[in-house]
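Novice: Can you look at this prediction? I've put the sequence above it.
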Amino acid sequence: MTNQYVPPKVWVNNVSGGNKWANINSPESGARYERKLPVGEHALQLYSLGTPNGQKVTIMLEELLALGIKEAEYDAFLINIGEADQFSSGFVELNPNSKIPVLLDRSGDEPVNVFESASILVHLAEKFGHFLPKSGPERTQTFNWLFWAQGSAPFLGGGFGHFYAYADEKQEYPINRFAMEAKRQLDVLDKQLAKHPYVAGDQYTIADMAIWPWYGNLVLGKLYDAAEFLQVESYTHVVRWAKQIEARQGVQRGRIVNRSFGEEWEQLAERHCAEDIDQVLARKPK
Ligand SMILES: N[C@@H](CCC(=O)N[C@@H](CS)C(=O)NCC(=O)O)C(=O)O
């Protein structure tokens, strides 16, 4: 084989190009510059972006608000990861891993920072007593599928999505490797959803909220433009579930928060009150 890469004995950071965000990658963690985060008026402060990982949390918050829980009101500020916002001192103080989403909960005696989207979902579910069964097998199933989502989605996003959609050069080996895994994961979900209305059983839970932004968007043709390539319509139970979840008011509202990309009508950089979302939905094409 020609041009075969032979790894040196010790890795050196001379990565250049690769994709349009490659220049913000670095092997070092920590703050790169001093800047405080903006703060709004609500107890819950969210710093995020409307990617699938960001959507998980805004869907949960909007689902809680749809139940009439006023304490779930929140300020959502945009973190533009392409502009290195996640490396400011203020952001790194809340999430040392420099990834969206991160939540600051100021409702208790001491503010608490919550990072990792699944941890935020559990925090909110336990705080408000919804979307996570309190005990029994359905609680265990919810955690099974929540952890499944956290373990599996990086193969879909960082693996398949990176090489199929983002990498400048399309390479057969990684695309094949991760297309295989993405389809295997869809098959796992399809078999589960053939037996149950929701991923963890009979109830809509935080597991659905963690899985839908990735696999739901994928089968609805809203992720990576890969619906045809992955033949997503063959996963009929996932498609049924994805449409059912998409129709929920909380999902319609949550999926557009902190969006600075996609269709112009659905972009909403910051959210501070319900009317911010109402205004966006009012301009949705009929
Ligand atoms: N496991 C994390 C993943 C979060 C994540 O990968 N966030 C991406 C956007 S979807 C990010 O902030 N990337 C910025 C970077 O890598 O510098 C979670 O579930 O919260």
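Specialist: Received, thanks.
Novice: near the ligand, which residues of the chain?
Specialist: 51, 53, 81, 86, 98-101, 116-117 (C-beta under 6 Å from any ligand atom). No exception for glycine: its C-beta is placed from N, CA and C like everyone else's.
Novice: Which of those residues fall within strands?
Specialist: Judged by DSSP state E, the residues of the chain next to the ligand include no members of strands.
Novice: got these as TSV, with pLDDT, neighbour count and distance to Arg177 columns?
Specialist: TSV is the format used below for these (pLDDT from 0 to 100; neighbours: other C-beta atoms under 10 Å; distance: C-beta to C-beta, whole Å):
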residue	pLDDT	neighbour count	distance to Arg177
Thr51	97	20	23
Asn53	98	23	22
Ile81	95	18	25
Gln86	97	22	28
Ser98	97	22	27
Lys99	98	17	24
Ile100	97	24	27
Pro101	98	25	28
Glu116	98	16	26
Ser117	98	30	25
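Novice: Quick check: the two most widely separated of these?
Specialist: Pairwise distances across the residues of the chain next to the ligand (C-beta to C-beta) peak at 15.7 Å, for the pair Ile81 and Glu116.
Novice: Looking at the residues of the chain next to the ligand, which is nearest Leu220?
Specialist: Nearest to Leu220 out of the residues of the chain next to the ligand is Thr51 (C-beta to C-beta; 15.6 Å).
Novice: I figured the closest one hits Gln86, correct?
Specialist: No - counting by C-beta atoms under 8 Å, Thr51 stays clear of Gln86, with 11.8 Å between them.
Novice: Now for those two: what residues contact both?
Specialist: Counting by C-beta atoms under 8 Å, 6 or more residues apart in numbering, the shared contacts of Thr51 and Gln86 are Ile100.
Novice: And the closest residue to Leu218 other than its chain neighbours, how far from Leu121?
Specialist: Excluding the flanking residues, the one nearest Leu218 by C-beta to C-beta, 6 or more residues apart in numbering is Val232, at 6.3 Å. Separation of Val232 from Leu121 (C-beta to C-beta, to the nearest Å): 25 Å.
Novice: Also Gly159?
Specialist: Between Gly159 and Leu121 the distance is 23 Å, computed by C-beta to C-beta.
Novice: Of the two, which one has the most company?
Specialist: Comparing Gly159 with Leu121 by other C-beta atoms under 10 Å, the one with more neighbours is Leu121, at 27 against 19.
Novice: ok, which stretches of this protein are strands?
Specialist: Secondary structure of the chain by DSSP E: the strands cover 44-48, 74-78, 102-105, 112-115.
Novice: Let me have these in a markdown table, extended by mean pLDDT.
Specialist: As requested, the strands of the chain are exported to a markdown table (pLDDT from 0 to 100):
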| stretch | mean pLDDT |
| --- | --- |
| strand 44-48 | 98 |
| strand 74-78 | 98 |
| strand 102-105 | 98 |
| strand 112-115 | 98 |
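Novice: ok, the residue nearest to Ala149 when sequence neighbours are not counted - contacts?
Specialist: Leaving aside its chain neighbours, Ala149 sits nearest to Ala210 (4.1 Å; criterion: C-beta to C-beta, 6+ apart). Counting by C-beta under 8 Å, 6+ apart, Ala210 makes contact with 56, 117-118, 121, 145-146, 149-150.
Novice: Please identify which pair of those residues lies farthest apart.
Specialist: Ser117 and Trp145 (13.9 Å).
Novice: Touching, Thr142 and Lys134? I think so.
Specialist: No - the pair Thr142 / Lys134 is not scored as a contact, 10.6 Å apart, by C-beta under 8 Å.
Novice: All set, thanks.
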